[in-house]
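J.: Quick one: sequence and predicted model below, then my questions.
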Amino acid sequence: MTPGARFGMLVRMQEASGASGGLVGRLRNAEASSRVTTFELFFDLVYVFAFTQVSRLMAETHSAFGILQALVVLALMWWTWAAFGWLANQAPADQPVMRVGMSAAMIAVFVAALVIPESYEDLPGGWHGPLVLALAYTLVRLIHMALYIVAAGDDAALRRQVLVTQAVAMAPASTALIVGAVVGGPWQTWIWLAAFAYDAVLTWASSRGGGGWRIHSTAHWTERYGLIVILALGESIVAIGVGVAREPIDAPITAGVVLAVVLSILLWWAYFGRLAEAGEHALERREGPARVVLALHAYTYVHLVIVAGVILTALGVEEAMAHIGDAEPFGWFGASALAAGLGAYVAATVVFARLVGGRWPVTRIIGALVLAASVPLLAIVAPMAALAIAVGVLGAMLIAESAIGVRAAATE
């Protein structure tokens, strides 16, 4: 019996048995009070490995084009994670069919993550790495589609939306990924980038006005995205130790650790200080299609840039910590990764704040511009000084923002 047949038999058995917990003939829908399940947290662990592999790919290529290649792979991994975020908000992951399907997807995601270091240059021996990644990605998307159709139940509009989106966006994009893997060479990067862009744009176009999608629990939704930001921030913490794990502890390493950990704390503050709560309140104030549109724009799309910013920052931190005691200039690669990562992260929070709050946060706009413009300065100073400057700019931005917020609250 094929895996597809076994999955179908499991669905029919569950429908016939009318399993407990409100499951009668179909998967039960999430409720407004639903929260993230422990199985979803377990599912997300494979993405911790994926983030680490993306960072490894960036560090090994050590070039702007290599960073672009790694970001394309990150975008593909993100697209699978976001897809299951939508699914789990429709049907809780603590149901047997969901657990079976998501377990199969976990295995496929892990295989894809495993071959990230050879996603563009196949290693001698074994299977063709780029093709394995493309096929594993396609399998994850097919599992997601099957589960979503089952989860839709009697909701004809949602079933139609799932089928249309997968046929118009996912199928051509997955085909292009396989073609790109076979073609190889420089063309592979551009084909994969075009495939992701096509999928993302067509998904957005087919979901205008909310489409047939549903957001059942705002608490679950915002908590799930908050947790993936935490997992990405964990990569920034890991990066601190990667550069100095085999070095004897001394004063420069200790000072560098202090600066790098403070930088991670500031990244946490920039998102969770006020924005995370503001996002949940904004979703709660909306209903139906308006809620779906906000969830799609502010979370599915904008949070990709937030996570990419953290991973780029982690690369810059790792580069700095690897040479933390040196007096030589930091260099353009490490400076660009650090400043571009922080700038992208702050800029993404600017857009997020605008979408959920209705105002442009001027302080953050200035901070993003200063960080982007700081690349030449960071490149010519020592790694320790580069970290100190990054901490100073980000910290000053957040302190100024808090002070302005306190004064504004006092005058209201």
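T.: Thanks, I have it. Numbers count the residues shown, from 1 in each chain.
J.: Would you pull up how far stretch 50-58 lies from the middle of the chain?
T.: Taking CA atoms, centre = their mean, to the nearest Å, one finds the center of stretch 50-58 at 13 Å from the center of the full chain.
J.: Mind listing what's buried along that stretch?
T.: Of the residues in stretch 50-58, 50-58 count as buried by neighbour count, 16 or more other CB atoms under 10 Å. All C-beta atoms are positioned from the backbone trio N, CA, C, and that covers glycine.
J.: Same question for stretch 364-372.
T.: Buried residues in stretch 364-372, counted by 16+ other CB under 10 Å: 364-368, 370-371.
J.: Send over that stretch as CSV, restricted to the C-alpha atoms.
T.: What follows is stretch 364-372, C-alpha atoms only, in CSV (Å, rounded to 0.1, in the frame of the first residue of the first chain):
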residue,chain,number,x,y,z
ARG,A,364,12.8,53.1,13.8
ILE,A,365,12.9,54.5,10.3
ILE,A,366,15.9,56.7,11.3
GLY,A,367,17.5,53.7,13.1
ALA,A,368,17.1,51.5,10.0
LEU,A,369,18.7,54.1,7.8
VAL,A,370,21.6,54.7,10.2
LEU,A,371,22.3,51.0,10.4
ALA,A,372,22.2,50.6,6.7
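J.: Look up how far Ala232 lies from Asn294.
T.: No Asn there; residue 294 is Leu. To Ala232, Leu294 is 21 Å away according to CB to CB, to the nearest Å.
J.: That should have said Ala136, apologies.
T.: Distance from Ala136 to Ala232, by CB to CB: 21 Å.
J.: and whichever helix in the chain runs longest, what does it pack onto?
T.: Counting residues, the longest helix found in the chain (DSSP state H) is helix 383-411. Here helix 383-411 touches helix 251-272, helix 302-322, helix 332-357, helix 362-373, helix 375-380, going by 3 or more CB pairs under 8 Å, 6 or more residues apart in numbering; DSSP states H and E.
J.: Do you know the pLDDT at Trp213?
T.: pLDDT, Trp213: 93.
J.: need the contact list for the closest residue to it other than its chain neighbours.
T.: Nearest non-adjacent residue to Trp213, counting by CB to CB, 6 or more residues apart in numbering: Val292, 4.8 Å away. For Val292, the contacting residues are 207, 210-211, 213-215, by CB atoms under 8 Å, 6 or more residues apart in numbering.
J.: Buried deepest among the helices and strands packed on helix 383-411, which one?
T.: helix 302-322 (a mean of 26; mean count of other CB atoms under 10 Å).
J.: Low-confidence stretches in this structure?
T.: Counting by pLDDT under 70, the chain shows low-confidence ranges at 1-25, 405-412.
J.: List the contacts of Tyr271.
T.: By CB under 8 Å, 6+ apart, Tyr271 lies in contact with 226, 229, 306, 349.
J.: er, Gly243 I mean
T.: Going by CB under 8 Å, 6+ apart, Gly243 touches 317-324.
J.: And for Asp155?
T.: Neighbour list for Asp155: 212, 214 [criterion: CB under 8 Å, 6+ apart].
J.: now do His297
T.: Taking CB under 8 Å, 6+ apart, we find His297 in contact with Leu355.
J.: Mind doing that once more with 10 Å?
T.: 204, 207, 351-352, 355-356 (CB atoms under 10 Å, 6 or more residues apart in numbering).
J.: For it, give its distance to Val310.
T.: His297 sits 20 Å away from Val310, going by CB to CB.
J.: I'd like a version of the buried residues of stretch 364-372 in TSV, one that adds distance to Ser264 as further columns.
T.: Conversion of the buried residues of stretch 364-372 to TSV gives the following (distance: CB to CB, whole Å):
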residue	distance to Ser264
Arg364	18
Ile365	23
Ile366	22
Gly367	17
Ala368	18
Val370	20
Leu371	16
